[in-house]
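# compute the structure for the input listed below.
(2 chains)
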Protein chains: 2
Amino acid sequence: MAATSTDDLIARARSGDKRSIARLLSAVENDEPSAPAVLKALYPKTGQADVVGITGPPGGGKSTLVNRLAGLYRETKMRVAIVAVDPSSPFTGGAILGDRIRMQERSLDDGIFIRSMASRGHAGGLARATARLVNVLDALGNGVVIVETVGVGQEEVDVVSVADTVCLVTVPGLGDDIQAIKAGVLEIADVLVVNKADRPGADETVRDLAQMLSLAKDPSWKPPIVRTAARSGEGIEQLVDAIAKHRAWAEESGERTRRRREAARSEVLTLLREALLRRLEGRIGDARLDAAVSRVADRRLDPYAAVDELLRD
Amino acid sequence: MAATSTDDLIARARSGDKRSIARLLSAVENDEPSAPAVLKALYPKTGQADVVGITGPPGGGKSTLVNRLAGLYRETKMRVAIVAVDPSSPFTGGAILGDRIRMQERSLDDGIFIRSMASRGHAGGLARATARLVNVLDALGNGVVIVETVGVGQEEVDVVSVADTVCLVTVPGLGDDIQAIKAGVLEIADVLVVNKADRPGADETVRDLAQMLSLAKDPSWKPPIVRTAARSGEGIEQLVDAIAKHRAWAEESGERTRRRREAARSEVLTLLREALLRRLEGRIGDARLDAAVSRVADRRLDPYAAVDELLRD
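This is a model prediction of the structure:
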């Protein structure tokens, strides 16, 4: 994309043209040459959207929940964007492809934009790529950006950390598997959702979660536990309320500012690192780097000595 | 650790003292000031061990399988080390704690060393920290190092990629969840294991996997499918055979060299990046960095412009 076509594209994307939005997102996601220009142009308009993260173990009905949430936000006439990330599936295809197809039905609504993210091939990591897509969608005038991801690993935690409000979705009857979630739930979740709450065992799950919450470290925000049954739509309004309450608290308490500062620091440091490495790689040259790597691979040189050598000049 | 005490520690660790091994591993895992000295000293002795990766979704009986594997390798008098990583559990405690306790029983065997890895707080990422622990255990004379991790996400893939041979463990009856694994299985697995193969549905699982394999891209190695029942010990010998066959193929085909070169390149580039960033942060200073970050967080400056400004001098 040349400079003028980037401007054109942004203008068309602002007017709601989905194809232009998709092209902007691809440029940013794949770190195309135009990515810095796109992000620079859009950056001043970011920081407006409510960014809602949805995560939890597989089988929690998160896609249906996200569909319902998006539908409810749409009733208030807000434009809504969904970024669906699936780190559990680093491969072509992936587990939530079926869910995505179901979600595309919703995207017939012109006010909802859905983007699936491949989880591979993002220089600087998946979380960072997600944050940039969110920035673009935010700047393009979406009132709400929902980031959906499957899993409770470190990568999912990182991805969902771009959100102003993180909802962790569990279901009754996860058995021992809930232990993995429970132990960490207090650290990342702002709102707890027990979905499929019409199933047996919901009371137990709620009780277990409540017990964990009583040990929370930060007493200034106690994550509410919301029961939903996404398929029937039950509890979705309460979830929207809970998200709005957290948002208000985060604004007032300075938590929102703190998170955004953290995000800014992380992005600046990453860009610094990349800029430096580009400069350096140009100076060192591929041949010298390859030679050093070969000697390290053959155990004739240790990696620290290799770096000392490469940096000597 | 001062220089002399590092040498002492390495000598004691070489003689098999578990406490000294544990201290060396902690130094490397936590990137203590002595870490570069430890890794430099041990690096020339690395590259000897067979590194076996075991991954797969939760509930596959991987810990029992790893116990059995370690036991069988021990019968050939080899010293065996196990590194248990749980990226699904970025929090204190974690899901496989119970498994770990069961594994400690095996560690009464003096020839088996078991190390659990916390999944948080590793500068440069979990996979890199794992690779370094493996290097230490390799250099200390373990004939086999088993890296066990739970999950099928990108982070688990990265962690297990340090292995010469990757075993992906599934179980019958995972239902739709197997889709996530199946789609990617061909890309990372060298050996497929259907554990709990005495359960109903094993034939179906094997057939499904075989069908996926028929689409494999690399025709030079076709991952065998091994049925095991780790609890009773069934199939473990076949698994050891399959791992040995892959190892022989990897040696002959150059795949082993290719993977080790890749690992060396990644470590050298990471160390380069870190060295540069340290130099730069010292030069820029915290105050200037903080000021730029604040302006970025407030949307008064975009991150690219911030980096240009910081690098200008």
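# look up the closest residue to residue A:48, ignoring the ones flanking it.
residue A:138 (6.0 Å; C-beta to C-beta, 6 or more residues apart in numbering or on different chains). Where you see a C-beta, it was placed from the backbone N, CA and C, and this is true even at glycine.
# and the gap between that neighbour and chain B?
Remark: distance between residue A:138 and chain B (C-beta to the nearest C-beta, to the nearest Å) = 11 Å.
# what sits against that residue?
Residues near residue A:138 by C-beta atoms under 8 Å, 6 or more residues apart in numbering or on different chains: A:45-49, A:51, A:145.
# which element is it on?
Element membership of residue A:138, judged by DSSP states H and E, is helix A:126-139.
# give me the secondary structure label for residue A:116.
State at residue A:116, reduced to three classes by DSSP: H, G, I helix; E, B strand; the rest coil: strand.
# per-domain residue ranges of chain A.
The record's domain split for chain A, according to automatic domain parsing, is A:1-45, A:46-253, A:265-311.
# among those, which is the most enclosed?
domain A:46-253 (a mean of 20; mean count of other C-beta atoms under 10 Å in any protein chain shown).
# export stretch A:74-82 to PDB, keeping only CA atoms.
C-alpha atoms of stretch A:74-82 as PDB (Å, rounded to 0.1, in the frame of the first residue of the first chain):
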ATOM      1  CA  ARG A  74     -25.900  -3.700  19.200                       C
ATOM      2  CA  GLU A  75     -29.300  -2.900  20.600                       C
ATOM      3  CA  THR A  76     -27.800   0.300  22.100                       C
ATOM      4  CA  LYS A  77     -26.800   1.200  18.500                       C
ATOM      5  CA  MET A  78     -23.100   0.800  19.200                       C
ATOM      6  CA  ARG A  79     -20.900  -0.700  16.500                       C
ATOM      7  CA  VAL A  80     -19.300  -3.800  17.800                       C
ATOM      8  CA  ALA A  81     -16.200  -5.600  16.700                       C
ATOM      9  CA  ILE A  82     -15.100  -9.200  17.700                       C
END
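# hmm, who's touching it?
Against stretch A:74-82 from outside (C-beta under 8 Å, 6+ apart): A:16, A:49, A:66, A:70, A:73, A:103, A:109, A:111-115, A:137, A:140-146, A:148.
# could you pick out the longest helix of chain A?
helix A:255-284 (DSSP state H).
# for it, packing partners?
helix A:126-139, helix A:236-253, helix B:255-284, helix B:286-297, helix B:303-311 (3 or more C-beta pairs under 8 Å, 6 or more residues apart in numbering or on different chains; DSSP states H and E).
# mean pLDDT lowest where, among these?
With a mean of 85, helix B:255-284 has the lowest mean pLDDT of the helices and strands packed on helix A:255-284.
# how far away from the center of its chain is it?
Offset of helix B:255-284 from its chain centre (C-alpha atoms, centre = their mean, to the nearest Å): 18 Å.
# between the strand or helix carrying residue A:70 and helix A:236-253, how many degrees?
Assigning secondary structure by DSSP H and E places residue A:70 in helix A:62-75. Going by axes from the mean of the first three to the mean of the last three C-alpha atoms, to 10 degrees, helix A:62-75 is angled at 80 degrees with respect to helix A:236-253.
# downstream neighbour of helix A:62-75 in the secondary structure list?
Defined by DSSP H and E, the subsequent element after helix A:62-75 is strand A:80-85.
# quick one: strands adjacent to that following strand?
strand A:112-117 (parallel), strand A:144-149 (parallel) (DSSP bridges).
# beta partners for residue A:55?
residue A:168.
# can you tell me which residues contact it?
Neighbours of residue A:55 in contact, by C-beta under 8 Å, 6+ apart: A:62, A:148-152, A:156-157, A:159-160, A:166-169, A:188.
# ok so, going back, so can I have a markdown table of the helices and strands packed on helix A:255-284 showing distance to residue B:221?
Shown next, in a markdown table, are those (distance: least, C-beta to C-beta, whole Å):
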| stretch | distance to residue B:221 |
| --- | --- |
| helix A:126-139 | 28 |
| helix A:236-253 | 48 |
| helix B:255-284 | 7 |
| helix B:286-297 | 48 |
| helix B:303-311 | 43 |
